[in-house]
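**Q** Quick one, what's the 3D model for this:
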Amino acid sequence: MKRVYIETYGCQMNVADTELLLGLLGREGYVPADQPAVADVILVNTCAVREHAEQRVLGRVGELKRYKRPGTVLGVLGCMAQRLGARLLEKAPHVDLVAGPDGYRALPELIANAVQGRRGADVQFKPWEHYEDVDPVRLDQGPTAFVTVQRGCDYRCTFCIVPMTRGPERSRKLEEVIREVEGLVARGVSEVTLLGQTVNSYHDGRHDFADLLRAVGAVPGLRRLRFTSPHPNDFSDRVIGAMAEVPAVCEHVHLPVQSGSSRILKRMLRRYTREQYLDCVRRLRSAIPGIAITTDIIVGFPGETEEDYLQTESLVREVGFDDAYTFKFSPREGTPATRMRDFVPDEVAGERLERLIAVVREVARQKNAGLVGTVQEVLVEGKARRGNLLQSRTRTNKVVLFEGTEELVGSYLRVRLTGTTGATFSAVPLGERQLAVVG
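**A** You can find the predicted model right below:
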């Protein structure tokens, strides 16, 4: 029996790719290993969005080489592998193979060659590749699952490496997505999150994202439907209408803004202004009352002045984000932003990041405090990381912890929120639980 150990870094798309890898290698007789020491093949599925992530991965790959024994193969996959290609083989002599997100079908051959001492790489873009014939091996056997519906990106924001690591945008056929979702529901999944780099620009040649939401939302037994990450420019009236009208679509959207300054947004090539972003928020809230909105924000982008930064602060307050992922600008080799000359000093960017985090937390704390005492429907996802608590989630993506037994995992409960730390809630269940699968 051959064993494969995979470590995954980065976004949920990478986690979904790891599940594909396990399915693909499973057809070759590999079974998952829990630790590298017992594996015949050790793979690291990587992220390239920020330099820190790459350095962390390079360090980890250096640590993993101590588990190599005669016949053991060590490989680097994913976005960082795509970006560096064969250069990674030169930089890390202990790495036997490199494969980008479109090169996973080559893994059996790359592994066989590596066992014979021939190192290799596959980093060619394959615009047709969706791995439709590969059944993913789900890492989480709980009630939720992620389904990739789109790969690549055509937007080419000046700070972003994704178009260079995942290639041009392409969408799966709607019928294939429905087939996968139906299979998940048959195995007990009741909540699905659709994945794409700019997921709401989905179009398979006949169907757009609104069609996809309506079709997936109509799958019998699917109770909740989410998606990530959309682009503000692709929230057409059709998409917002589908979000409002399909009962399964949850009242939460992660809506990356990146900056509150129209001047910086133009330099980022985000293709919208501050006012247009705010109009998108208004349209979403008008159609879907009570919708929770989270976002991504970068500080310290080249040329950002104190006034630009303060416009970002004011946007956070004006929108009233439920939460935000905040980052310092990280220059990525090959992106247009690296050619801009007016870099913000690191200490200035760091200080702005600290201030922004404080504002985000203040706004989120105020919003969450207003929810204490309300009754919410939650899906019980599993055991919490601390204490004898269960972790659950509201339709608006709020994490709720409460006391309960594991037999509740996968079921829906009505709970009363009793308190908040600012990020998570405590609660007490009300009444009887509901079965996870309905309809």
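
**Q** Do I have it right that residue 253 meets residue 287?
**A** No - Residue 253 is beyond contact range of residue 287, at 11.0 Å (criterion: Cβ atoms under 8 Å). The C-beta positions use only the backbone N, C-alpha and C, and glycine is treated the same way.

**Q** Quickly list what's touching both of those two.
**A** The contact sets of residue 253 and residue 287 overlap at residue 243 (Cβ atoms under 8 Å, 6 or more residues apart in numbering).

**Q** Compare these two (neighbour count), which wins?
**A** residue 253 (27 against 16; other Cβ atoms under 10 Å).

**Q** contacting residues for the more buried one?
**A** Residue 253 sits next to 230, 243, 284, 291-294 when contact means Cβ under 8 Å, 6+ apart.

**Q** and of those residues, the nearest to residue 261?
**A** For the contacts of residue 253, the closest approach to residue 261 (Cβ to Cβ) belongs to residue 293, at 18.9 Å.

**Q** Could you confirm the closest one falls within a strand?
**A** Yes - applying DSSP: H, G, I helix; E, B strand; the rest coil, one finds residue 293 inside a strand.

**Q** quick one on the thing from earlier: so can I have a markdown table of the contacts of residue 253 showing neighbour count?
**A** Output for the contacts of residue 253, formatted as a markdown table (neighbours: other Cβ atoms under 10 Å):
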| residue | neighbour count |
| --- | --- |
| 230 | 23 |
| 243 | 24 |
| 284 | 20 |
| 291 | 20 |
| 292 | 20 |
| 293 | 22 |
| 294 | 20 |
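
**Q** now the residues you listed as a markdown table including pLDDT and distance to residue 316?
**A** What follows is the contacts of residue 253, written out as a markdown table (pLDDT from 0 to 100; distance: Cβ to Cβ, whole Å):
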| residue | pLDDT | distance to residue 316 |
| --- | --- | --- |
| 230 | 97 | 19 |
| 243 | 98 | 23 |
| 284 | 98 | 17 |
| 291 | 98 | 17 |
| 292 | 98 | 14 |
| 293 | 98 | 11 |
| 294 | 98 | 11 |
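
**Q** gap between residue 414 and residue 1?
**A** Look at residue 414 and residue 1: by Cβ to Cβ, to the nearest Å, they are 46 Å apart.

**Q** Looking at those two, which is more packed in?
**A** Counted by other Cβ under 10 Å, residue 414 and residue 1 do not tie: residue 414 has more neighbours, with 15 against 6.

**Q** So in terms of bridging, what pairs with the more buried one?
**A** residue 377, residue 430 (DSSP bridges).

**Q** In contact with it: list those residues for me.
**A** By Cβ under 8 Å, 6+ apart, the contact list for residue 414 reads 375-378, 429-431.

**Q** which of those residues lies closest to residue 62?
**A** Proximity of those to residue 62 (Cβ to Cβ) peaks at residue 378, which lies at 42.3 Å.
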